[in-house]
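**Q** 3D, please:
(chains A, B and C)
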Amino acid sequence: MSKDKSEYLINRKDNQYEVVIGLEVHAQVTSESKLFSTSSTKFGAEPNTQVSLVDAALPGMLPVINEYCVKQAIKTGIGLKAKINKRSVFDRKNYFYADLPQGYQISQFKDPIVGEGKVILDMPDGQKEVGIERLHLEQDAGKSIHDLDPKNTFVDLNRSGVALMEIVSKPDLRSPDEVNAYVKKLRSIMRYLGTCDGNMQEGSLRADVNVSVRKKGSKEFGTRCEIKNVNSIKFMQMAIEYEANRQVDLIEDGQSIDQETRLFDTKKNETRSMRSKEDAHDYRYFPDPDLLPLEVSEDFIEKLKLEIPELPDEKKKRFIEKFKLSPYEATILVSDNETSNYFENVIKKSDVKLATNWIIGELFAALNEKNLEITQSPISAGNLSKLINLIKDGTISGKIAKTVFEHMMEGDKDPKKIVEEKGLKQESDPKALEALIDKVIDDNREKATEFKSGKVKLFGFFVGQVMKVSAGKANPQLVNEILKKKL
Amino acid sequence: MSDITKQSLSELIKNIKDKKLSSTEVTKAFVERSEKSKELNAYVTEDFSAAIDKAKKFDENPNLDLKLPGIPMAVKDLFCTKNVKTTAGSKILNNFTPTYESTVTQNIWNEGAILLGKLNCDEFAMGSSNETSFFGSVQNPIDKDLVPGGSSGGSSSAVAAQLTPITIGTDTGGSIRQPASFTGIVGLKPTYGSCSRYGIVAFASSLDQAGPMAQNVRDCALLHEVISSYDEKDSTSIDFKRNNYFKELTNNIKGKKIGIPKEYRVDGMPKEIEDLWKKGIDYVKDCGAEIIDISLPHTNYALPTYYIVAPAEASSNLARYDGVKYGFRADGENLIDMYEKTRSEGFGAEVQRRIMIGTYVLSSGYYDAYYLKAQKVRKLIKNDFDEAYKKVDAILTPSTPSSAFKIGEKTNDPVSMYLNDIFTVPVNLAGLPGISIPAGHDAKGYPLGLQIIGKAFDEQNLLNIAYAMEEKINFKNKITDWWIK
Amino acid sequence: MIVCDIFNYHMSIDLKTIKHISKLSRISVDEKKAEKLAVDLNSIFEFIEKLNELKTDNVQPLTSVAETTLKLRDDKVKSKNLREQIIKNSPQENEDYFVVPKVIE
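**A** Now for the predicted structure:
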């Protein structure tokens, strides 16, 4: 593996291979009811309790589309700076499977609701644009459970019919790191928009990963394999790494690559062929005659545009321009809506620079340690803001602030109260400090003489002594000034 | 009153409203006659005792303001009926009992009608003779061993034999009009989108429509008024202003322009059909309407188009019958084995044939050549009608190219069976309303029908023309009750 | 006899195709059934081929005759827990799940 700058290449003898990746992300639309039925989409219900007559494909049942899901798909399209198609068509994708009650999935094939768009990734060596091919609406399938019984498979249709957005990228991704950044960015955009909660544990975000390899510099694409239904970013990265190496080995061995569907085995960390399904792969797409073409007006789209919040890219730009943040800081703070909201709440009444450092540094570290999301932070934005003001106005030192912060993490306490209760207020009275410093100099006569004779390094020693004697509460700036005078 | 079952729907309603007859009396009369008519095999499921109970209940507190007060009726077994077995004429649904009601039947019960039972039909409505039903062929009351037409063969037989005063069928390529024609009754296929498809076992979604079948046009108009409704549960249901078809029915069609399409004069058409058509033209003229020659140039392509579109949709619509959620399941070693055995044993030969045709025309490499081509020709066929309706208000044609044939006569030759629908299929492809009215008899004494095709959503005009013609034709069905011992 | 002629001279759909379609349709066919189906389908397709007489390059395909646009429904949960009635009709009894023979991946 070469780490020539950020380029991800696979090396074999004299050859270097580039990896070409395209993603089909399946994002569950945030909605109360399903795409074509009125049953609930809530996660975690008892099996088969959220299954309507339509979801179970009973004879004579018909689909009726959910307007909110259509709006959500269009909003996502706007977020991806994509072309919104005013006319789109729902097709049937025909195949048999135990968890596909209709014997077909209603999807969009030739005429998707959203066309080409783009996503900007912030990579360590700069920005990268990834093309979006299309976004379409489709139904989710149910769930087959194979391990409850040795002879039978059990089917739960709660998910059956839940709305999904399939977001297809162009084959623009070149490394597992870019895939990581891409999925996170997509998720971030959808979370800002409120169109998908991005919860990968609950399966709200999954992806089919298309991988091919080619010799570095080659313009032709290699034969691709599709790794189906990978449900975490880490697994996507592992699957790509395995699959790319497998393909390179085949090529190096003089063999050809079969275009096929593969499965990532998370236990063995390898991909394997799903050939058993291949023979049935003629989906016989055709327009669903139970539905008519979906048509949306310019006005409908314009109204949705008004509902679009500031998205991460714009927010980042604003943070950099208005608050003078570095691109690195801004990227971190806009990564999700909750974080940027927290940040903006903190800086309403406190110093931006200090707030940025405290959030990205202490707060993130502390949350990480406790495995908490920003929304679960024990320290409210208001109290963090107060803490920062205590530092800024010299009430406490940065060092003391860390102690106060630790107390705050135990429960959302007002930092002022902590400072009072624990007597952590900074000593800024010059007279009191003078007395303190006099005593320190007195106790260290010899060192003072050495300092005066030119051993300037000893200044730090005196500062340390004063802080020690004051139990850290002495205002370090004043200590410096007074010490200079006295010595 | 001993001749209750001979009364038309309008007479029955009048007698019930005038308290000359109770719903119980009427219901019992039809139940009794149905009991004596088992040889016709018109019913798949009888719900007689429940019907009599419902009639008694109706009589306890009769709501005579309803449009079908206490009227018993049997319906085609393609309509899902709550807690009453619904089979679609198939083994694969032999044990299926819906927990829900189709919109069309709900509309009927809401107006006071009472379910007598479920009527036989071709399996999944795929057939023109009712011979593909898992529950056996149905006898045409006109003559022994004669098919009643299809797919609504149990329905046509039951109305002609007076086992039910009226009924509803479904029509995908002629399944109401052709059996109506074969049994000497009236059958209306409404405009696509006029009656909800919710709760009707689907055959071909872009073509299927439910419609009334009755002894006469007036009854047909009343039943149509009841079943036609806008339904939010069907995305293809159309919200248009519906008439009071019964109340607004008139035999005054003076000045109406009736088109005669030359392309319906097909090769080898029996002379008696040709003559019937000419007679029909005379009747229309007698009514004061104007005859205009028109052309529907793509008529000959309708049947091939239909035999791509309908099987394609059916192959997908019938994928849900897989032995997993309901219906018949054959044992299998694994899932795929179970699917293949279930569908092979559960579907009859004609249904399997159509699923195969549909799968083939949609499969990779053939889609453009067949399915897409058919959709384009369908457009041309619709354009033909649009063009014609610039000149005329309705179109008059024969309903079928022949009278009813013998059971078994055409079962070995699918194409000759398909040719039966040659005059009815274009109407479904264009989504138009069409009505078949009995207009005469052939040499054997078998009934023959004429078809009137209307403009979309113009059922009122269509019914009016049929009503006016009916008066002139004065058709009498020749039924001898041969099956009653 | 006529049927045999069609079988001999218009074998555009051969047994291999029949088997492929039957696989896609999930309907098992044995040799005998496949041969019968080939005969039937060939005669039907011979009749369908009539469409090739028409030039349709510039014709817009017609998907639905309903000349209206798709109606959109509100995002409201209306369907309640119907587990009992939905599973009631299923061929293999189980209180919570639909049960099918083991799926072999």
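
**Q** In the chain, where is pLDDT below threshold?
**A** If you meant another chain, say so; for now it's chain A. Counting by pLDDT under 70, chain A has low-confidence residues at A:1-6, A:275-280.

**Q** other chain: chain B
**A** Scanning chain B for pLDDT under 70 picks out B:1-2.

**Q** In it, which residue is most central in space?
**A** Central residue check for chain B by CA atoms, centre = their mean: the C-alpha nearest the mean position is that of B:Ile176, 2.1 Å away.

**Q** is it true that it touches B:Phe182?
**A** No. The pair B:Ile176 / B:Phe182 is not scored as a contact, 11.3 Å apart, by CB atoms under 8 Å. C-betas here are computed from N, CA, C, even on glycine.

**Q** give the contact list for the closest residue to chain A within chain B.
**A** Per CB to the nearest CB, B:Ala319 is where chain B lies closest to chain A, at 2.3 Å. Each residue near B:Ala319 by CB atoms under 8 Å, 6 or more residues apart in numbering or on different chains is listed here: A:Asn94, A:Phe96, A:Gln102, A:Gly103, A:Tyr104, C:Arg26.

**Q** farthest pair in those?
**A** The span of those, defined through CB to CB, is set by A:Gln102 and C:Arg26 at 13.6 Å.

**Q** Name the nearest residue to A:Phe96, sequence neighbours excluded.
**A** In space, and not counting its chain neighbours, A:Phe96 is closest to C:Arg26: 5.1 Å by CB to CB, 6 or more residues apart in numbering or on different chains.

**Q** brain fart, B:Lys478
**A** Closest residue in space to B:Lys478, ignoring its immediate chain neighbours: B:Gly445 at 5.5 Å, by CB to CB, 6+ apart.

**Q** For the one you found, what is the enclosing helix or strand?
**A** Element membership for B:Gly445, per DSSP states H and E: none, as it lies in no helix or strand.

**Q** Neighbours of it, how many?
**A** 10 (other CB atoms under 10 Å in any protein chain shown).

**Q** so it makes contact with B:Asn477?
**A** No. With contacts counted by CB under 8 Å, B:Gly445 stays clear of B:Asn477, the gap being 10.2 Å.

**Q** any common contacting residues for those two?
**A** B:Ile142.

**Q** nearest residue to residue 83 other than its sequence neighbours?
**A** All of this is about chain A. The shortest distance from A:Lys83 to any non-neighbouring residue, by CB to CB, 6+ apart, is to A:Gly115 (3.8 Å).

**Q** Hmm, no, I was thinking of chain B.
**A** B:Thr97 (6.2 Å).

**Q** is it true that that neighbour lies in a helix?
**A** No. Going by DSSP: H, G, I helix; E, B strand; the rest coil, the assignment for B:Thr97 is coil, not a helix.

**Q** Tell me how far it lies from B:Lys82.
**A** Using CB to CB, to the nearest Å, B:Thr97 is found at 9 Å from B:Lys82.

**Q** if I look at these two, which residues touch both of them?
**A** With the criterion set as CB under 8 Å, 6+ apart, the contacts of B:Thr97 and B:Lys82 do not overlap.

**Q** related to what we said a few turns ago, surely the residue of chain B closest to chain A forms part of a strand?
**A** No. Going by three-state DSSP, the assignment for B:Ala319 is helix, not a strand.

**Q** Kindly provide the distance from it to A:Ser273.
**A** 26 Å.

**Q** and the closest residue in space to A:Ser326 that isn't next to it in sequence, what is it in contact with?
**A** Counting by CB to CB, 6+ apart, A:Ser326 lies nearest to A:Ile320, which is 7.6 Å off, once chain neighbours are set aside. Residues near A:Ile320 by CB under 8 Å, 6+ apart: A:Ser326, A:Pro327, A:Ala330.

**Q** cool, and A:Arg87?
**A** By CB under 8 Å, 6+ apart, the residues touching A:Arg87 are A:Asp111, A:Pro293, A:Leu294, A:Glu295.

**Q** for it, which residues make a bridge with it?
**A** A:Glu295 (DSSP bridges).

**Q** and the gap between the residue located most distally from the centre of chain C and chain B?
**A** Distance from the C-alpha centroid of chain C peaks at C:Lys76, with 33.1 Å (CA atoms, centre = their mean). For C:Lys76, the distance to chain B (CB to the nearest CB, to the nearest Å) stands at 12 Å.

**Q** For burial, what's the neighbour tally of B:Glu471?
**A** When neighbours are counted by other CB under 10 Å, B:Glu471 registers 13.

**Q** So it sits against B:Asn251, correct?
**A** Yes. Between B:Glu471 and B:Asn251 there is a contact at 5.7 Å, judged by CB under 8 Å.

**Q** Now do the buried residues in stretch C:61-75.
**A** Residues C:Leu62, C:Thr63, C:Ser64, C:Val65, C:Ala66, C:Thr68, C:Leu70, C:Lys71, C:Leu72, C:Arg73, C:Asp75 are the ones in stretch C:61-75 that count as buried (16 or more other CB atoms under 10 Å in any protein chain shown).

**Q** Could you verify that A:Ala239 is part of a helix?
**A** Yes. When three-state DSSP is applied, A:Ala239 is found to be in a helix.

**Q** Now for it, how many residues are close by?
**A** Number of residues near A:Ala239 (other CB under 10 Å) recorded here: 26.

**Q** Isn't it up against A:Phe264?
**A** Yes. Under the criterion of CB under 8 Å, A:Ala239 makes contact with A:Phe264 at 4.0 Å.

**Q** can you list residues touching both of these two?
**A** A:Ile227, A:Val230, A:Thr271.

**Q** Narrow these to those in strands?
**A** In this view, the shared contacts of A:Ala239 and A:Phe264 that belong to strands under DSSP state E are A:Ile227, A:Val230, A:Thr271.

**Q** Turn the residues you listed into a markdown table, columns for neighbour count and distance to A:Ile132.
**A** Converted to a markdown table, those look like this (neighbours: other CB atoms under 10 Å in any protein chain shown; distance: CB to CB, whole Å):
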| residue | neighbour count | distance to A:Ile132 |
| --- | --- | --- |
| A:Ile227 | 25 | 20 |
| A:Val230 | 23 | 19 |
| A:Thr271 | 23 | 25 |
